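# Generate coordinates for the sequence data below:
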Amino acid sequence: MNSYREKCISRHFKIKGKIKVYLDTKYWLILRDVQLGKNTCPKKLKIYKIIMELNKSKKVIFPISQYVLNEFVKQRDRRTLEESFNLILQLSENISIRTYKERIFEEVISFIKDVADKKLNFNSKVNNQHVWTSIPYSFGKFVIRTKNNDPFDEEVQRVVFEFESVDRIFLNIILEKSEDNGNFPDPTGVLNAKRSDRFKNTLKNQSFEFYSGLERGLVVNAFTEAFGSSYKKKDIETALIALNNLKYKNKLGNVLPTLNTYSTLLTTWLIEQNSKIKINHYFDIHHATAALPYFDIFLTENSLKDAIRRVTPKYLEFNKCTVGSTLEEAIEILISLK
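Residues are numbered from 1 along each chain as shown. Coordinates of the predicted model:
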C-alpha cells in the first residue's frame, strides 16, 4: 500500500496550485455530446468552449470520480466509450479523486497522526495529499497477476499512472479488473426506513449516520498504517469515541470532511425531508462528498446546490467550494477562472 500511497502523493503535486473543478455527471454528458456533435444548444456549446480553453491554459484541471465513471462505463458502444474516456483523460490529466472509503481511511490517518503529534487544528485547510489517484483506480485498488499467479502490482501501478490516452489495456482495466466496478444497489428502501426511525434532533440524526459510516475495521487499518504495531486497542476506542463526540457537538471542523459531508447531507436533505426520495439524490450526495472538501468549484444539480447552501457553514464549516447548478451559473463561474 505504501508505494501506492506514494504515487497518490505524486498526483497531488501534479495538480498543486491548479484550480480544481468538479463536474457532476450532467456536465460531463454535456461535454461528451457536444464533442460527438450530438448537442447544438448554444449555452452548452459555450460551456464546452470555455472548458477547452481553460484546459489549454493549464491553470484549471477537471479530475474525475468513481460516480461519474460508473455512468460512462454503462456505454456499450466501444467508439463512444473511447471518445468519452479520451475527453476525460484530456481534461483530468489522468487524475481522479479516490473512492469514498479510501478518502475516509486517509482522513482518519490524518486525524490520529495530528492528535499524536499534537498538531490538530480544526480550522486549517483540509489535507488533500493522499486523495488523488489515476483514473483506472477510481473504482478501487485491483491486482493483476502473472501466469504464475504472482502479483504484478508495482509494474501495473507504474503503467497505469502514466496513461495519457485510451487503449485496449486501459479500457480492460476499467471494465474488468477494478474491485468495485458495477451497479450500485438502490438505497431508497433503506432511506425510507431511516425516516421512520429518525430522531427529532438533527444533530442526533447526523451523528447516527456518522457513527454508522465510521467502520471500526477501517479505523483499525488506519492505526496500523500510521503506527504499525505500536498502538494499543484502547487507542482505537478512544479515537472512535472522540470522533463521534466531535460530530455530535458539531465541532468536527476540517476533520473527516468526506464522512461529515455524507452524514450531514444524507440526514438534512433526504432523511429529514418529506419529499420523495430519488436514487439520483443519494448519488448526488456522493458527488458532494468528493467535491466540497477537495475541489474549488462544483457544478451540479440545483436541488443539491440548495441542500448544500442550507448546511454551510453551520454543519460543514470547512466548505469553501463555490457551487453552481444552472447553465448560466456554470458559464459565469467558468469565465471567472480565465
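# residues contacting Asp296?
19-21, 321-322 (Cβ atoms under 8 Å, 6 or more residues apart in numbering). Backbone N, C-alpha and C define where each C-beta goes, glycine included.
# which ones among those are found in strands?
Cross-referencing the contacts of Asp296 against strands under DSSP state E gives 19-21, 322.
# Make TSV out of those and add distance to Thr264 and pLDDT.
Formatted as TSV, these follow (distance: Cβ to Cβ, whole Å; pLDDT from 0 to 100):
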residue	distance to Thr264	pLDDT
Ile19	25	97
Lys20	21	98
Val21	23	98
Thr322	19	97
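# And the contacts of Asp296, which is closest to Ile285?
Cys321 (14.4 Å; Cβ to Cβ).
# Quickly note the distance from the closest one to Ser196.
Distance, Cys321 to Ser196, using Cβ to Cβ, to the nearest Å: 33 Å.
# of those two, who's got more company?
Just comparing Cys321 and Ser196: by other Cβ atoms under 10 Å the higher neighbour count belongs to Cys321, 19 against 7.
# Next, give phi and psi for the more buried one.
Per-residue torsions, Cys321: phi -80, psi 130 (degrees, to the nearest 10).
# how about Asn250, secondary structure?
Recorded secondary structure, Asn250: coil (DSSP: H, G, I helix; E, B strand; the rest coil).
# picking up where we left off before, farthest pair within the ones in strands among the contacts of Asp296?
Lys20 and Thr322 (11.2 Å).
# Between those two, tell me which one has more neighbours.
Taking neighbours as other Cβ under 10 Å, Lys20 and Thr322 compare with Lys20 leading, 20 against 15.
# beta partners for the more buried one?
With DSSP bridges as the criterion, Lys20 is bridged to Ile61.
# so who does it touch?
Counting by Cβ under 8 Å, 6+ apart, Lys20 has contacts 60-63, 294-297.
# For the closest residue to Leu29 other than its chain neighbours, what is the enclosing helix or strand?
Of all residues not flanking Leu29 in the chain, Glu71 sits nearest, at 7.6 Å (Cβ to Cβ, 6 or more residues apart in numbering). In the assignment (DSSP states H and E), Glu71 maps to helix 66-72.
# Mind listing what's buried along the following helix or strand past that helix?
Following helix 66-72 in sequence order, the next helix or strand is helix 78-92 (DSSP H and E). Buried residues in helix 78-92, counting neighbours by 16 or more other Cβ atoms under 10 Å, are found at 81-85, 87-92.
# Looking at those, spot the one nearest Arg11.
Nearest to Arg11 among the buried residues of helix 78-92, counting by Cβ to Cβ, is Ser92 at 10.4 Å.
# Report the contact partners of the closest one.
Listed by Cβ under 8 Å, 6+ apart, the contact set of Ser92 reads 61-64, 135.
# Surely Ile333 touches Leu299?
Yes - with contact defined as Cβ atoms under 8 Å, Ile333 reaches Leu299; the gap is 7.2 Å.
# Between those two, which has more neighbouring residues?
With neighbours defined as other Cβ under 10 Å, Ile333 and Leu299 compare such that Leu299 has more, 29 against 18.
# my read: the more buried one touches Trp28, true?
No - at 9.8 Å, Leu299 and Trp28 do not qualify as touching, with contact defined as Cβ under 8 Å.
# Tell me where the model's unsure across the protein.
1-2, 75-76, 139-185 (pLDDT under 70).
# residue nearest the centroid of it?
A centroid search over the chain (Cα atoms, centre = their mean) returns Ala290, at 2.8 Å, as the residue closest to the centre.
# show me the contacts for that residue.
Applying Cβ under 8 Å, 6+ apart, one finds that Ala290 lies in contact with 22, 65, 67, 97, 100, 103, 258.
# And for the fifth one, the neighbour number?
In other words, Tyr100. Neighbours of Tyr100 under the rule other Cβ under 10 Å: 20.
# any idea how far Tyr137 is from it?
13 Å.
# What count of nearby residues applies to Asp197?
Neighbour tally, Asp197, other Cβ under 10 Å: 9.
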